[in-house]
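Asker: Just to be clear, the model below is a prediction. Sequence and coordinates:
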Amino acid sequence: MSEPSRHPFLHGLSKHRGAPPTVVVIFGASGDLTARKLIPAVYNLGHDNLLPADFYLVGFGRKAIPDEEFRTLAVQAIKEFSRRELSEAMWSRVAAHTTYVAGGYDELPAFERLAAHIAGIERQLGRAVQRLFYISTPPSVFAPIIRNLGASGLASSHLGTPLHAKVIIEKPFGKDLTSARELNATIRGVFEEHQVYRIDHYLGKETVQDLLVQRFANAIFEPLWNRNFIDSVQITVAEEVGVGSRGGYYEQSGCLRDMIQNHTMQLLALTAMEPPGSLAPEAIRDEKVKVLNAIQPLTIGPAGDVARAQYAAGMIGGKPVPGYLEEEGIEPDSGTETYAAMRLSINNWRWQGVPFYLRSGKCMARRASEIAINFRRPPGTLFAGETARFDLAANTLSFQIQPDEGLSLILNTKVPGLETRTQPVKMSFRYATTFGSNTAEAYERLVLDAMIGDGTLFIRGDEAEASWKLCTPVLDFWRSVGRAGMDSYPAGSWGPPSSDALLAKQSHVWRQP
Ligand code: BG6
């Protein structure tokens with residue numbers, strides 16, 4: 001179990017230097033995520049002197065790759081994707097401990113070879129090392145990998161000793177409630193919950209962690225954080241990119257599975273949960289599960305709580321973009337949504353009657369992720385009537401998750417002059433302006449937290465299931481009706497009309513982030 005004194009909300013990264021000797025094994029070592037995120041994360045942790053002195057990196061994959069070639073791939077990945085320039089001197093220390101093991105994910109002998117490989121590292125080092133297995137493969141092989149980690153003895157938990165084994169599991173964690181439950185059962189057959197780190201990389205983002213600090217370290221927000229003062233909440237995760245070369249994966253996934261079930265639901269949970277009793281990982285995760293379980297089942301079907309759409313051809317950044325159905329690897333009659341929006345009601349004392357609107361989509365007008373808290377309007381007794389003079393907006397507090405990370409508050413202000421006129425203005429705080437812009441990437445924090453045994457920023461098994469419980473009936477319904485009800489939006493726009501209609505019922509409109 002992680003020690004409360006070490007978790008990230010109490011202490012900063014500087015306290016993390018106590019990670020024990022560790023071997024990180026990446027399954028899916030030649031994959032895209034490894035190159036874009038994992039290797040750069042390891043590099044930047046090394047750069048910041050946050051890796052343990054005895055740190056080993058082992059790539060594992062189906063493809064036979066000599067050690068030297070894997071090291072070259074790692075250097076290329078750092079050059080292309082790291083937030084910092086490659087320092088050969090720094091990386092050479094990690095590279096000297098970087099190796100590769102080839103094998104099939106469903107072949108036990110390959111895992112026995114991996115066990116022998118790690119035993120060799122330990123012999124050379126003269127002591128045992130912690131094993132951190134990072135499963136970054138297609139989800140179809142998650143279960144065989146977990147079972148083989150068990151069968152080969154690699155998963156053994158010697159809690160508190162260097163031999164302790166941990167597993168990080170990438171998303172998607174299942175494709176519906178049944179498969180998530182099955183995956184949890186497979187995991188539980190091999191690992192104990194404290195050994196398991198289910199990733200949602202949004203939790204590693206600085207601004208997402210800051211949401212908790214903003215909510216609970218400032219006295220002004222919490223008294224207003226409820227149905228008496230808040231009218232509605234909007235959570236947007238908009239992407240400018242399309243599916244690109246990931247069409248094969250995306251066709252099986254779609255926006256609800258890819259973004260809503262995990263990233264936006266996590267943002268919702270952190271926004272809506274009750275204050276935890278402490279900042280201990282389990283205290284926070286308990287509150288997240290409670291609020292997820294308090295969300296009412298969705299009304300699905302025409303005029304229900306959910307909208308879906310696909311992007312049609314359009315323009316982004318002055319360039320023409322093809323429609324989803326014209327993209328590579330996409331079925332011409334695909335029923336996969338690239339945009340999803342929903343209206344949620346949380347049935348508890350704090351939020352009853354406050355709609356939470358969630359939306360996410362590819363090929364939207366611009367990349368923007370935010371949480372916007374819309375407050376109730378003031379009574380219109382003083383500045384009512386003359387709308388030309390009294391341009392009044394509802395107060396909105398918005399957390400800009402990315403890009404241009406920050407916090408802003410819309411206030412109504414008097415326009416200077418002898419005549420009394422009002423106008424909404426924006427009060428803003430920007431992280432980059434105050435703290436500089438080169439902050440750690442989500443994966444750096446998450447790999448480090450797993451190394452030191454802190455599960456705060458990872459999804460617990462019951463949390464994943466609570467979120468799937470809500471989303472699965474929607475997916476089942478969509479599957480049953482095929483393309484019926486699929487809306488569309490031009491690439492480069494803010495989404496389809498059916499999504500606006502979700503808000504119109506309560507006279508709300510989507511914000512333009
Ligand atoms: C991933 C999704 O989880 O998150 C991708 O699979 C998406 O489709 C990505 O593009 C967005 O992450 P970020 O950090 O760029 O907002």
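Answerer: Yes, it's here. In this text, all values refer to a predicted model and were calculated from it rather than measured experimentally. Numbering: from 1, shown residues only.
Asker: from here on, contacts and neighbour counts on C-alpha atoms
Answerer: Noted.
Asker: and stretch 86-96, how far from the chain's centre?
Answerer: Relative to its chain's centre, stretch 86-96 lies at 29 Å (CA atoms, centre = their mean, to the nearest Å).
Asker: Can you pull out the residues in contact with that stretch?
Answerer: Tyr43, Gly46, His47, Phe55, Tyr56, Leu57, Arg71, Val75, Ile78, Lys79 (CA atoms under 8 Å, 6 or more residues apart in numbering).
Asker: Then stretch 353-366?
Answerer: By CA under 8 Å, 6+ apart, stretch 353-366 touches 227, 230-243, 255, 259-260, 264, 311, 316, 338-347, 491-495, 503.
Asker: Derive a PyMOL selection command for the buried subset of these.
Answerer: The buried subset of the contacts of stretch 353-366, as determined by 16 or more other CA atoms under 10 Å, is captured in PyMOL by this line:
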select buried, resi 227+230+231+232+233+234+235+236+237+238+239+240+241+242+243+255+259+260+264+311+316+338+339+340+341+342+343+344+345+346+491+492+493+494+495+503
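Asker: So which of the contacts of stretch 353-366 are in helices?
Answerer: Cys255, Leu503 (DSSP state H).
Asker: Now, the contacts of stretch 353-366 that are in strands?
Answerer: Among the contacts of stretch 353-366, the members found in strands (DSSP state E) are 230-238, 311, 316, 339-344.
Asker: mind listing what's buried in the helix or strand hosting Asp476?
Answerer: Using DSSP states H and E, Asp476 falls within helix 461-481. Residues of helix 461-481 classed as buried by neighbour count (16+ other CA under 10 Å): 461, 463-475, 478.
Asker: For it, which helices and strands make contact with it?
Answerer: If you count contacts as 3 or more CA pairs under 8 Å, 6 or more residues apart in numbering; DSSP states H and E, helix 461-481 packs onto helix 177-188, helix 281-293.
Asker: Pick the most deeply packed of those.
Answerer: Most buried of those by mean neighbour count (mean count of other CA atoms under 10 Å) is helix 281-293; its value is a mean of 20.
Asker: which residues touch that one?
Answerer: So helix 281-293 is contacted by 2, 4, 7, 269-270, 272-278, 346, 454-457, 459-460, 462-463, 466-467 (CA under 8 Å, 6+ apart).
Asker: swap the cut-off to 7 Å and go again
Answerer: Under the contact criterion CA atoms under 7 Å, 6 or more residues apart in numbering, helix 281-293 has outside partners Ala269, Leu270, Ala272, Met273, Glu274, Pro276, Gly277, Gly455, Thr456, Glu463, Ala466, Ser467.
Asker: just curious, which of those is nearest to Asp333?
Answerer: Using CA to CA, Ser467 is the member of those that lies nearest Asp333, at 28.6 Å.
Asker: close enough to count as contact, that closest one and Ile260?
Answerer: No: in this structure, Ser467 is not within contact of Ile260 by CA atoms under 7 Å, at 9.3 Å.
Asker: Filter the contacts of stretch 86-96 down to just the buried residues.
Answerer: For the contacts of stretch 86-96, buried by 16+ other CA under 10 Å: Tyr43, Gly46, Phe55, Tyr56, Leu57, Arg71, Val75, Ile78.
Asker: Strands - which of the residues you listed land there?
Answerer: Of those, the ones assigned to strands by DSSP E are Phe55, Tyr56, Leu57.
Asker: which stretches of the stretch 1-150 of the chain form helices?
Answerer: Taking DSSP state H, counting those that start in this stretch as the test, the helices found in the stretch 1-150 of the chain are 32-33, 39-47, 67-81, 88-95, 108-125, 142-151.
Asker: Just the buried positions in the fifth one, please.
Answerer: In other words, helix 108-125. Buried residues in helix 108-125 (16+ other CA under 10 Å): Leu108, Ala110, Phe111, Glu112, Leu114, Ala115, His117, Ile118, Ile121.
Asker: And for the third one, nearest residue in space, chain neighbours not counted?
Answerer: By that I understand Phe111. Ser152 (6.1 Å; CA to CA, 6 or more residues apart in numbering).
Asker: burial count for Gln209?
Answerer: Neighbours of Gln209 under the rule other CA atoms under 10 Å: 17.
Asker: The one 4 residues further on too?
Answerer: When neighbours are defined as other CA under 10 Å, Val213 has 12 of them.
Asker: for it, phi and psi?
Answerer: phi -70, psi -50 (degrees, to the nearest 10).
Asker: what separates stretch 261-269 from the chain centre, distance-wise?
Answerer: With CA atoms, centre = their mean, you get 8 Å for stretch 261-269.
Asker: Buried residues of that stretch, list them for me.
Answerer: Gln261, Asn262, His263, Thr264, Met265, Gln266, Leu267, Leu268, Ala269.
Asker: What's the end-to-end length of that stretch?
Answerer: Using CA to CA, to the nearest Å, one end of stretch 261-269 lies 11 Å from the other.
Asker: before we move on, what about stretch 330-342?
Answerer: 25 Å.
Asker: who touches that stretch?
Answerer: Residues outside stretch 330-342 that contact it (CA under 7 Å, 6+ apart) are 247, 251, 254-256, 305-311, 325, 357-362, 482-483, 499.
Asker: buried subset of the residues you listed?
Answerer: 247, 251, 254-256, 305-311, 325, 357-362, 499.
Asker: still on that earlier bit, JSON lines for the buried residues of stretch 261-269, including distance to Thr178?
Answerer: Listed next are the buried residues of stretch 261-269 as JSON lines, based on distance: CA to CA, whole Å:
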{"residue": "Gln261", "distance to Thr178": "14"}
{"residue": "Asn262", "distance to Thr178": "16"}
{"residue": "His263", "distance to Thr178": "20"}
{"residue": "Thr264", "distance to Thr178": "21"}
{"residue": "Met265", "distance to Thr178": "19"}
{"residue": "Gln266", "distance to Thr178": "20"}
{"residue": "Leu267", "distance to Thr178": "23"}
{"residue": "Leu268", "distance to Thr178": "23"}
{"residue": "Ala269", "distance to Thr178": "22"}
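Asker: ok, how many other residues are close to Thr381?
Answerer: 7.
Asker: give me the element it is part of.
Answerer: With DSSP H and E as criterion, Thr381 is part of no helix or strand.
Asker: gap between it and Ser507?
Answerer: With distances taken as CA to CA, Thr381 is found 21 Å from Ser507.
Asker: same question, Gly304
Answerer: 16 Å.
Asker: okay, those two: which has more neighbours?
Answerer: Gly304 (13 against 8).
Asker: okay, which residue is most central for this structure?
Answerer: Tyr202 (2.7 Å; CA atoms, centre = their mean).
Asker: follow-up on the earlier one: so which of the contacts of stretch 330-342 belong to strands?
Answerer: Under the assignment DSSP E, the contacts of stretch 330-342 contribute Val306, Ala307, Arg308, Ala309, Gln310, Tyr311, Tyr357, Leu358, Arg359, Ser360, Gly361 to strands.
Asker: okay if I get the residues you listed as CSV plus pLDDT and distance to Arg84?
Answerer: Formatted as CSV, those follow (pLDDT from 0 to 100; distance: CA to CA, whole Å):
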residue, pLDDT, distance to Arg84
Val306, 98, 41
Ala307, 97, 40
Arg308, 98, 39
Ala309, 98, 38
Gln310, 98, 36
Tyr311, 98, 35
Tyr357, 98, 37
Leu358, 98, 34
Arg359, 98, 32
Ser360, 98, 30
Gly361, 98, 30
